[in-house]
Every structure is written in structure tokens, then in C-alpha cells.
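K.L.:
here's my sequence, what's the structure:
(one chain, ligands or ions: 1)
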Amino acid sequence: MNALSSVSKETSVLRDYFHGSKVLITGGFGFVGSNMAKTLIEFGADITLLDLRTGEDVGSLINTLGLRDKVRIVQGDVGDLTLVRQLVHESGFRFIFNFAAYATVIEKAVEAPYDTVMANTMGWVNVMEAARTAPVKAEVVFLSSTDKVYGEMDGHAYQEDTTPLRGIGVYDAAKLAADVLGKTYFEVFGLPTVVLRMCNLFGPGDFNTEYRLIPKAMRNLLASDTPVAPELYFDSIDHQRDYLYIEDAVRAILLLAYHKGCRGDVFNLRAAKYTTTPHLLKTLVHIAADVEREHDPRRAEQIIHNGITIKVRETESKVITIKNQHLDGSKLTLATGFEPAVEFEEGLRRTVEAYRMYFQSLRIAS
Ligand SMILES: NC(=O)c1ccc[n+]([C@@H]2O[C@H](COP(=O)([O-])OP(=O)(O)OC[C@H]3O[C@@H](n4cnc5c(N)ncnc54)[C@H](O)[C@@H]3O)[C@@H](O)[C@H]2O)c1
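P.N.:
Numbers count the residues shown, from 1 in each chain. Below you'll find the predicted structure:
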């Protein structure tokens, strides 16, 4: 069976499984949460989104794709146990996916360590507490963890059950605590938690254009009349990271929720590409120029001519950066059959096309 037909078979199994199910997505206006919502709406699930920011002006697929009337929206803080408990107890969710987090970038976590721990660790504890004491028991309580829980890499790849967890940055440690507590709630209380340590995701719907590498590069290349070169910090010139297209990440999460044998366990997310940050940005520049050439050849040449800019950080940073991050994704593949279906370059092309349309619509509107 070729990859495409196996993905379409998988999609129809997942559609049947989630159709009509009550689902809670925390952080549902964010990048991953809104992409999950989009797919689960297509599958006919009964979706509630909990988020701090739920306004019509919030940059989110929920707004840009006109999905507000297809979901129930609850504005609130996962750090508020009373609210989370009431919502979970009253609603009887079958699946709970927790994406709410102070997650823009690690720089933001350093500026607000207390808020980071409250949202990223205690928010998850609140979700688990609410699910543990709920009259109707959820089948899956999912946490989006991160490869950053492992800290600096010693060998060739991080492995779930043998690599020590040594994340020490503020964001990394807050996620690490949540990640470990997920296992605790399964072992001690039998709560069906599933934890996924995710790599860098990219694709349409990431509106964190101020800070995150790919959305920020997209903004530089596409937001204004004259393209600006994407920026690379000098201290990240030799960094290597894993990258995966968002649709594949959503598939992996849904497959984990579907496979009952995955409950109570921790998985790494398999990437489509492990590469250096300069290579990522150079590939992005070439693909952006390629896409632009069909519309405006002069602008395409300008993008190529600009290339990328290497910048030195102006202030001394308290951010602890990890040089190399690479996840061994074989445990996830063995448990669910998951393999990335969208190649890295194809994912970048789709990303460029989506941002191009988005920024163009903003320019037309202004
Ligand atoms: N995007 C990635 O590449 C990536 C990689 C690894 C792990 N993750 C994890 O995946 C999750 C989602 O990330 P994302 O990229 O969608 O981030 P995001 O910043 O786009 O979305 C997070 C959402 O959570 C909401 N939120 C923040 N604090 C909240 C609170 N206290 N109560 C309720 N809502 C709150 C925000 O308003 C936002 O809509 C996070 O837990 C993050 O740690 C993301």
C-alpha cells in the first residue's frame, strides 16, 4: 500500500472514531490547538476550546477560517482549578487535549518564569485533577510535551525510556515537571494520560510572528511590499533541530489517542527532517522565491538577493539554548504506525503559500 492510500485509510478510521465525541482542547486558539480543532471539526467531533485569548481579533485559525460557530468557546485560564474542574465535570469529555501553555518562545518564559510554571505545569495538573475527579471518565488525557525536556543531547538521538531528562531552562523545566506528572497520574491514579514530546512544528496557523523562527521569517519575506531577509542569531548558527509539518503532528496525536495501548505512556514525535537552522532558513528563502516567481518575478529575485541576515544578540541573554535536538521516533511508529506523510520541502511550500495568502489579505484590508 502506498503512503497516500494508507493515510486516507487511517483518516477514515480516525473520522469514525472521533465522530460525535465530546472533546476539550485547551489552548485551542493557539497554533497546534487550532489545527487540532480544524481536523476534529472535519471529523464531526463535539468540540470545546478553552483559551485565555478567545476574541475575534486574536490571530488564530479559529478566526481566519471562520470556525467560531463550529465549536464551543470558553474564555479562561487553565491555571484556575475551579474553572477547569467545573468545565470538565459538567461536560463529560471523552478526550482531553492539553495545549495551553506559555509557549511563544523560551525568551518569553525567561521574562515570566512564574506565569510559565503556572500555565505549563500547574495548568496540566489542574486538567488532570479535574479529569481524575470527574463523574464521567475521559478515555484519554493528552499532554503536548517537548523535546526540550531532554536538555543537551549526548548521543545521536533522544530515547523515551533511556535518555535522562535534563531540561533546565524555565520553559524546559516547567514542561519537564508536567511531563513527569503525567506518568505519575497514570501510575498512581490510573488516569489514562498520554504524553507526546514534540519537535519543532511548522505550518499554517502559527501567528507567533514576533518571535518564532519560521513565522518571523515568513513575516519578513511576505508581510510588506519590500521583502526583508530572515534573521538568524549568530549563537544558533550551528544548532540542529527536528522539524515536522503541523498536519502530521495532528495525525500523530490523534493516532496516539486512538490506540488504547498508548495510554499511560510517553512518546517522542518523529520528525520529517533533522537539520541545521541556517539550512532551514536558506531552504525557506528558496521555496519562498519559487512560490513568489509565479506571481511577481521581481520580488522573487529580491528574496534570493537578500538571502538571510546573521545577527548578534544585543543584550546578554539568560536563555539556556540547546545545541542539538533529535528525537528517536521509533516507539511511536511501533505503537501507532505513524510516519510523516508530508516531506519537509513540501511542508515548507504549503506554509509559504498559506502565509502569502494571509499577508496579502491583510495588505488588501489595510
Ligand atoms: N509549536 C511547536 O513547535 C511545539 C513544539 C513542542 C511542544 N509544543 C507544545 O505544544 C503546545 C501548543 O503550542 P503552540 O505552538 O500551539 O503554542 P501557542 O502559543 O500558539 O498556543 C498556546 C495557546 O495557549 C493559550 N494559553 C496560554 N496560557 C494559557 C492559560 N494559562 N490558560 C488557557 N490558555 C492559555 C494561548 O493563548 C495560546 O492560544 C504547548 O504546550 C507547547 O509547549 C509546541
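K.L.:
look up phi and psi at the residue of the stretch 201-350 of the chain found nearest the ligand.
P.N.:
In the stretch 201-350 of the chain, the residue that lies nearest the ligand is Leu201 (3.7 Å; Cβ to the nearest ligand atom). Yep, even glycine has a C-beta here, placed from its N, CA and C like the rest. In this entry, Leu201 is assigned phi and psi values of phi -100, psi 150 (degrees, to the nearest 10).
K.L.:
got the contact list for it?
P.N.:
Residues near Leu201 by Cβ atoms under 8 Å, 6 or more residues apart in numbering: Phe31, Val32, Tyr243, Leu244, Tyr245, Ile246, Ala249.
K.L.:
the fifth one: neighbour count?
P.N.:
If I follow you right, that is Tyr245. 25 (other Cβ atoms under 10 Å).
K.L.:
check the third one too.
P.N.:
Neighbours of Tyr243 under the rule other Cβ under 10 Å: 21.
K.L.:
swap in the second one?
P.N.:
Residues near Val32, counting by other Cβ under 10 Å, number 24.
K.L.:
pull up the gap between it and Asn208, please.
P.N.:
The spacing between Val32 and Asn208, counted by Cβ to Cβ, to the nearest Å, is 11 Å.
K.L.:
and if you look at the fourth one?
P.N.:
In this view, Leu244 and Asn208 are 17 Å apart by Cβ to Cβ.
K.L.:
quick one: low-confidence parts of the stretch 101-250 of the chain?
P.N.:
Across the stretch 101-250 of the chain, the ranges flagged by pLDDT under 70 are 105-106.
K.L.:
near the ligand, which residues of it?
P.N.:
101-104, 119, 123, 144, 146, 175, 198, 200-201, 208 (Cβ under 6 Å from any ligand atom).
K.L.:
about what we covered before: show me the contacts of Leu201 that map onto helices.
P.N.:
Residues of those located in helices (DSSP state H): Phe31, Val32, Ile246, Ala249.
K.L.:
which residue packs closest to the third one, ignoring adjacent ones?
P.N.:
The spatially closest residue to Ile246, leaving aside those adjacent along the chain, is Gly203, at 3.3 Å (Cβ to Cβ, 6 or more residues apart in numbering).
K.L.:
same thing with the first one?
P.N.:
Closest residue to Phe31 apart from its sequence neighbours, by Cβ to Cβ, 6+ apart: Asp206 at 4.1 Å.
K.L.:
buried set for stretch 145-157?
P.N.:
For stretch 145-157, the buried set under the neighbour-count rule, 16 or more other Cβ atoms under 10 Å, comprises Ser145, Thr146, Asp147, Lys148, Val149, Tyr150, Gly151, Met153, Ala157.
K.L.:
from the residues you listed, which ones fall inside strands?
P.N.:
Ser145, Thr146 (DSSP state E).
K.L.:
thinking again about what came up before, number of nearby residues for the residue nearest to Phe31?
P.N.:
Asp206: 24 neighbours (other Cβ under 10 Å).
K.L.:
cool, and the one 10 residues further on?
P.N.:
Lys216: 17 surrounding residues under other Cβ under 10 Å.
K.L.:
ok, now His279?
P.N.:
11.
K.L.:
now the element after the helix or strand hosting it, going C-ward?
P.N.:
Per DSSP states H and E, His279 falls inside helix 277-293. Using DSSP H and E, the helix or strand that directly follows helix 277-293 along the chain is helix 297-306.
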